[in-house]
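**Q** take a look and give me a structure for this.
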Amino acid sequence: MGFIPITFIDLIDITLVAILLFAFYRAMKGTSATIIVTGILIVYLIWILVTTFNLVLFSTIIEQILSVGIIAILIIFQPEIRHMLQLIGRQRERFGFLTYIFNLRNRKSDEGIDLQPIVTACQEMGEQKVGALIIIKQSNDLGIITESGITIDAKVSTPLLENIFFKNAPLHDGAVIINGNRVVAAKCVLPTTRQEVPKSYGMRHRAALGMSEVSDAIIIAVSEETGGISLAHDSRIKRNIEPQKLAQSIRQMMRANDRRREQEEKQK
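**A** Numbering: from 1, shown residues only. Coordinates of the predicted model:
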C-alpha cells in the first residue's frame, strides 16, 4: 500500500483551510466561543464513533443535530464572524483594482479638518475627568458603526463635544463619529478589542483599540478615572498624550494613512 499522492492543488487547498482556521481562531480568541467549539468537536467525534459501530438510532439523532449545526454556528458565532469579516474587509486596500472599481479612496485625510475644537474639548474634559470617546473617520466606511448610534450632523465645536459627553447628558455613553468638520453621530457602539490588554484599561480604551483593529479611523479616548488622553490607530494605542501634542500626533497618523494609500496607488 503506497502513500496517498499529494498534488500542488492539494497543497493550496490545505494552505487555504489552515489560513481560514487561523483567522477564525484569532476572531474567537479570548471569548467563550472556544468552549462552544470544543463542544461541537466532541459531538462530531461521537457521531464518527456511532457511525463506525453502526448505532443506527444514535447516529440518526446526532445527524439531526449536525444538520442544523450550520445555522446554530452562524447565530452563536455572529459577533466573531462579523469581527473576522471586518478584518478581511479592512485589507481591501491591498487590492488596487477593487479600490478603483468601488471608489473606496477618499481625499487626503487631513484636508480641511480643524482639529483645534477637538483638542480643546479633550483637554478640558480631561481636566474635569469627563470620559469621552471620539472617532475621526478616515477612508474606511463607518456606516455600520454610525447606524448603531444617533444621527446628529452638526459642525464640530468644543461646546458641542463637551455637552455630548457631559456625565448626565443622554448621549454621553458610546462614541462620537467625526467626518471632516461634522459630527455625524453620537452614542455609537464600538467593537471591543480581542487583544490581551492590561487590567488598567477601561472599557473606553478597549473599545478604542477594538475600533482601530477593524478600521483606519483615529480614535481618541479620555479617561473618566485619570483624565488621561489616549490615541488608538492601526491596532495600537498610545496613552497619556499631552494635550499640546494631541493635534500633532493625530496629523502624523493621518499622514501615515495617506502615505500607505499613495504606496498602494503606485503598486496598482
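
**Q** CA only for contacts and neighbour counts going forward, please
**A** Will do.

**Q** skip ahead from the helix or strand of the chain with the lowest mean pLDDT and say which helix or strand is next.
**A** The weakest-scoring helix or strand in the chain, judged by mean pLDDT, DSSP states H and E, is helix 96-101 (a mean of 47). Next in sequence after helix 96-101, counting helices and strands by DSSP states H and E, comes helix 116-127.

**Q** direction included, what does the following helix or strand past that following helix pair against?
**A** Next helix or strand after helix 116-127 toward the C-terminus (DSSP H and E): strand 132-136. Strand 132-136 sits in its sheet next to strand 175-179 (parallel), strand 218-222 (antiparallel), going by DSSP bridges.

**Q** can you list the ones you listed in JSON lines and add distance to residue 8, mean neighbour count and mean pLDDT?
**A** Listed next are the strands paired with strand 132-136 as JSON lines, based on distance: least, Cα to Cα, whole Å; neighbours: other Cα atoms under 10 Å; pLDDT from 0 to 100:
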{"stretch": "strand 175-179", "distance to residue 8": "48", "mean neighbour count": "25", "mean pLDDT": "95"}
{"stretch": "strand 218-222", "distance to residue 8": "43", "mean neighbour count": "28", "mean pLDDT": "96"}
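
**Q** with distance to residue 119 added, can I get the ones you listed in CSV?
**A** Below are the strands paired with strand 132-136 laid out as CSV (distance: least, Cα to Cα, whole Å):
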stretch, distance to residue 119
strand 175-179, 13
strand 218-222, 10
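
**Q** which parts of the protein belong to which domain?
**A** 8-101, 116-267 (automatic domain parsing).

**Q** out of those, which gets the lowest mean score?
**A** Note on the domains of the chain: lowest mean pLDDT is at domain 8-101, with a mean of 70.

**Q** surely residue 188 meets residue 146?
**A** Yes: at 6.2 Å, residue 188 and residue 146 qualify as touching, with contact defined as Cα atoms under 8 Å.

**Q** quick check: neighbours shared by the two?
**A** When contacts are counted by Cα atoms under 8 Å, 6 or more residues apart in numbering, residue 188 and residue 146 have residue 177 as shared neighbours.

**Q** so which of these two has more stuff around it?
**A** residue 188 (23 against 20; other Cα atoms under 10 Å).

**Q** any idea how far the more buried one is from residue 157?
**A** 19 Å (Cα to Cα, to the nearest Å).

**Q** determine the longest helix present in this protein.
**A** Ranked by residue count and defined by DSSP state H, the top helix of the chain is helix 243-267.

**Q** out of the domains of the chain, which one sits most buried?
**A** Ranked by mean neighbour count, those are led by domain 116-267 with a mean of 19 (mean count of other Cα atoms under 10 Å).

**Q** hang on, the earlier thing: got the angle for the longest helix of the chain vs strand 132-136?
**A** Calculated by axes from the mean of the first three to the mean of the last three Cα atoms, to 10 degrees, helix 243-267 forms an angle of 30 degrees with strand 132-136.

**Q** figure out how far helix 243-267 is from the centre of its chain.
**A** 19 Å (Cα atoms, centre = their mean, to the nearest Å).

**Q** got it, and stretch 240-250?
**A** Here stretch 240-250 is found 23 Å from its chain centre; the criterion is Cα atoms, centre = their mean.

**Q** same check on stretch 196-203?
**A** Distance, centroid of stretch 196-203 to centroid of chain: 16 Å (Cα atoms, centre = their mean).
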